[in-house]
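*Asks:* Okay, predicted coordinates and the sequence, questions at the end:
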Amino acid sequence: MRARASLAVANHLQSLPAWTRSRHLALYLPADGEIETAALAGQAREAGMSLYLPVVGNDGVMQFALWEQGAPLLENRYGIPQPGQQ
């Protein structure tokens, strides 16, 4: 059920006019029952978009960092994968 919902969200977003104009997309990696974003990420990469994931710093402040395809992700203090320092 969740996989179907995830694909429906990805397909809906891809059908919006803003999708074709966008070059950047911020999203999250799911945790604790959140909707899956893999299909959305794949469609965005195919469209040539740069992807960004939330990064929680040592000070607890959240920012978004570029998520390079194939780059390793490190778990933050909450156990959620995020782009690491290169």
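*Replies:* Looks like it came in fine.

*Asks:* tell me the pLDDT at the residue with the largest distance to the centre of the chain?
*Replies:* Centroid-distance maximum for the chain: Asp59 at 22.1 Å, with CA atoms, centre = their mean. Looking at Asp59, its pLDDT reads 89.

*Asks:* go on, Met62?
*Replies:* 92.

*Asks:* any idea which element the residue farthest from the centre of the chain lies in?
*Replies:* Element membership for Asp59, per DSSP states H and E: none, as it lies in no helix or strand.

*Asks:* Repeat that for Leu25.
*Replies:* Assigning secondary structure by DSSP H and E places Leu25 in strand 24-26.

*Asks:* what does that strand rub up against?
*Replies:* Under the criterion CB atoms under 8 Å, 6 or more residues apart in numbering, residues Leu40, Ala44, Met49, Ser50, Leu51, Tyr52, Leu53, Pro54, Phe64 lie in contact with strand 24-26. In this view, the C-beta of every residue, glycine as well, is placed from N, C-alpha and C.

*Asks:* From these, which land in strands?
*Replies:* Within the contacts of strand 24-26, residues falling in strands by DSSP state E are Ser50, Leu51, Tyr52, Leu53, Pro54, Phe64.

*Asks:* List the residues that contact the closest residue to the second one other than its chain neighbours.
*Replies:* Across the structure, with CB to CB, 6 or more residues apart in numbering as the measure, the residue nearest Leu51 apart from its sequence neighbours is Trp67 (4.5 Å). Residues near Trp67 by CB under 8 Å, 6+ apart: Leu51, Tyr52, Leu53, Leu73, Pro83.

*Asks:* Farthest-apart pair in those, please.
*Replies:* Tyr52 and Leu73 (12.8 Å; CB to CB).

*Asks:* The two: which has the busier surroundings?
*Replies:* Each of Tyr52 and Leu73 has its neighbours counted (other CB atoms under 10 Å); Tyr52 has more, 17 against 13.

*Asks:* So what sits opposite that one in the bridge?
*Replies:* With DSSP bridges applied, Tyr52 shows beta-bridge pairing to Ala26, Leu66.

*Asks:* so how far is Ala44 from it?
*Replies:* Shown here: Tyr52 relative to Ala44, a distance of 10 Å by CB to CB, to the nearest Å.
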